[in-house]
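Visitor: fold the following.
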Amino acid sequence: MDIERDSGATMVGVPRIKVIFVVTEDWYFVSHRLDIAIGAKAAGFDVGVATRIDRHRAAIQNAGIEIYDTPFDRSGLNPLRELRTVWSLYKLFRREKPDIVHQVAIKPVVYGSLIARLSGVSGIVNALGGLGYVFSSTSLKARLIRLLVKPALKFAHSQKKARLILQNAQDVDIITKSGIVKSEKVRLIRGAGVDPEIHRLTTVETTPPLVVLTARLLRQKGVGDFVEAARILRKRSVDARFVLVGSVDAANPASFTDADVAGWVKEGVVEAWGWREDMPAIFAKAQIACLPTFYGEGLPKALLEAAASGCAIVASNIAACTELVKDEKTGLVVPPQDTEALANALERLISDPGLRKRLGEAARESIVADFSLSKVLSEIIGIYEELVPSAAP
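Guide: Numbers count the residues shown, from 1 in each chain. Here you go, the predicted structure:
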């Protein structure tokens, strides 16, 4: 069998290296990892995904990625359901015998790493897109889960050929300095990457300017702060359209409700466009992207896509955002949960087209140089080749 790599080299008679992604939800795989999987397949890897299939079977199949429908419950803690998930993954790994499993988010990382060890999988790649609800929340539930997750993560990376991908330097410090994972097993890859040829620099100006927040509608994503900042600016008679692009997340206890969103729309403070999959078109219409998150995330893909499109960005002054958004250079940063500061930053951009243009173009340049899909894919394939040397061209 011939395998053609990106380098142009051909490997004759060498079996394809099998990689199985493990992701709880098909929508998340499509939005955050499908391009990586497609790139790995193009580089000569045999690629599949174990995930709960809902609405995106066709998108995954059309990309040539094999699907293993797996009964994940992203936020569930029912022991019987969780055992069913573990058993399903065990049977899958034993049957398919992947060379590498690439697991994304805490539950797949913990379950998949244990099962990979029991199944004899030689390479384990784990990725946390931020430390999330479990590490960022102060609720009793989150604190109790942390007591279990920390030793589980430590065990998951005790195997020699296990690597952990994190998306910002602060998360690397937290994980390594706490002793959860040894530093030599951690790799910093900033975000899921974005294709600057799909998210293209746009210069469309609308009157009034369009300001978008793109995210699941969670409190920790700063959705409530965005709404309040829009209220403040309405009272100041600042002329702009404020739009929420995203849906509520019933599986997350921090989510706003459909009733909350309907109330904001009825009040006239924001527009709600719901879940959208045509994000290049959304950002092509927008002049300003806002994400006042205080959530424990890695590097939000919405910011990468907005920057690639040349939108001016307002984001929180936290590590998840400042990996990309440099104050006064590639955007404006504000203290988290400070609605007055958020409103002031948005008003500044709304009233100054020249500043929007300068910051948006600089953000686009940083994407091309440091955050492109091709760069991220190269770094991930480098990890595959490190763990399974026969994967190298």
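
Visitor: how about low-confidence regions in the protein?
Guide: In the predicted model, the chain carries pLDDT under 70 at residues 1-14, 75-76, 132-133, 136, 203, 391-393.

Visitor: if we go to 50?
Guide: 1-13 (pLDDT under 50).

Visitor: outline the domain layout of it.
Guide: What the record gives for the chain is the domain set 2-193+373-391, 210-371, from automatic domain parsing.

Visitor: you'd agree V269 is in a strand?
Guide: No. When DSSP: H, G, I helix; E, B strand; the rest coil is applied, V269 is found to be coil, with no strand at that position.

Visitor: would you state the helices of the stretch 51-200 of the chain in chain order?
Guide: Listed in chain order, the helices of the stretch 51-200 of the chain (DSSP state H, counting those that start in this stretch) span 57-62, 79-96, 106-119, 132-136, 140-156, 169-177.

Visitor: what of the stretch 201-350 of the chain?
Guide: Secondary structure of the stretch 201-350 of the chain (DSSP H, counting those that start in this stretch): helices located at 223-235, 258-267, 279-285, 301-308, 319-322, 339-350.

Visitor: related to what we said a few turns ago, export the domains of the chain to TSV and tack on distance to L201?
Guide: (C-beta placed from N, C-alpha, C; glycine too.) Formatted as TSV, the domains of the chain follow (distance: least, C-beta to C-beta, whole Å):
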stretch	distance to L201
domain 2-193+373-391	16
domain 210-371	4
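
Visitor: got the buried residues for stretch 145-153?
Guide: For stretch 145-153, the neighbour count (16 or more other C-beta atoms under 10 Å) marks 145, 149-150, 152-153 as buried.

Visitor: okay, these in JSON lines with distance to A272 next?
Guide: Written out in JSON lines, the entries for those read as follows (distance: C-beta to C-beta, whole Å):
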{"residue": "I145", "distance to A272": "31"}
{"residue": "V149", "distance to A272": "33"}
{"residue": "K150", "distance to A272": "38"}
{"residue": "A152", "distance to A272": "38"}
{"residue": "L153", "distance to A272": "36"}
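
Visitor: for D54, state which of these is nearest.
Guide: Relative to D54, the closest of the buried residues of stretch 145-153 is I145; by C-beta to C-beta it sits at 24.2 Å.

Visitor: next, work out how far apart the closest one and L217 are.
Guide: The gap separating I145 from L217 is 22 Å, by C-beta to C-beta, to the nearest Å.

Visitor: returning to that earlier point: need the winner for burial among the helices of the stretch 51-200 of the chain.
Guide: helix 106-119 (a mean of 22; mean count of other C-beta atoms under 10 Å).

Visitor: quick one: distance of that helix to the chain centre.
Guide: When C-alpha coordinates are averaged (C-alpha atoms, centre = their mean, to the nearest Å), helix 106-119 and its chain have centres 20 Å apart.

Visitor: and that helix, what does it pack onto?
Guide: On a contact count with 3 or more C-beta pairs under 8 Å, 6 or more residues apart in numbering; DSSP states H and E, helix 106-119 meets strand 18-25, helix 79-96, strand 100-104, strand 123-127, helix 140-156.

Visitor: okay, the angle between it and strand 18-25?
Guide: Here helix 106-119 points in a direction 150 degrees away from that of strand 18-25 (axes from the mean of the first three to the mean of the last three C-alpha atoms, to 10 degrees).

Visitor: then helix 106-119 to CSV, C-alphas only?
Guide: Below are the C-alpha coordinates for helix 106-119, written out as CSV (Å, rounded to 0.1, in the frame of the first residue of the first chain):
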residue,chain,number,x,y,z
ILE,A,106,-11.7,15.7,30.3
LYS,A,107,-14.1,12.8,30.1
PRO,A,108,-12.6,11.3,26.9
VAL,A,109,-9.1,11.9,28.2
VAL,A,110,-9.8,10.1,31.5
TYR,A,111,-11.8,7.2,30.1
GLY,A,112,-9.8,6.9,26.8
SER,A,113,-6.4,6.9,28.5
LEU,A,114,-7.4,4.1,30.9
ILE,A,115,-8.9,2.0,28.1
ALA,A,116,-6.0,2.6,25.8
ARG,A,117,-3.6,1.2,28.4
LEU,A,118,-5.8,-1.8,28.9
SER,A,119,-6.1,-2.3,25.1
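
Visitor: and the contacts of that helix?
Guide: Contacts made with helix 106-119 from outside it, assessed by C-beta atoms under 8 Å, 6 or more residues apart in numbering, are listed as 22-24, 72, 74, 82, 85-86, 89-90, 93-94, 97, 101, 103, 124, 126-128, 132, 134, 149, 152-153, 155-157, 159, 162.

Visitor: same check, this time on stretch 24-35
Guide: Surrounding stretch 24-35, the residues in contact under the criterion C-beta under 8 Å, 6+ apart are 21, 23, 37, 49, 51-57, 59-60, 63, 65, 72, 74, 104-105, 107-108, 129, 192-193, 195, 301, 373, 377.

Visitor: do the same with stretch 58-69
Guide: Contacts to stretch 58-69, defined as C-beta under 8 Å, 6+ apart, come from residues 20, 26, 29-30, 34, 37-38, 41, 47-53, 57, 92, 96.

Visitor: ChimeraX command for the buried members of those residues?
Guide: This is how ChimeraX selects the buried members of these, with burial counted by 16+ other C-beta under 10 Å:
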select :20,26,29,30,34,37,38,41,47,48,49,50,51,52,53,92,96
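
Visitor: show me the contacts of stretch 58-69 that map onto strands.
Guide: Those of these mapping onto strands are 20, 47-52, per DSSP state E.
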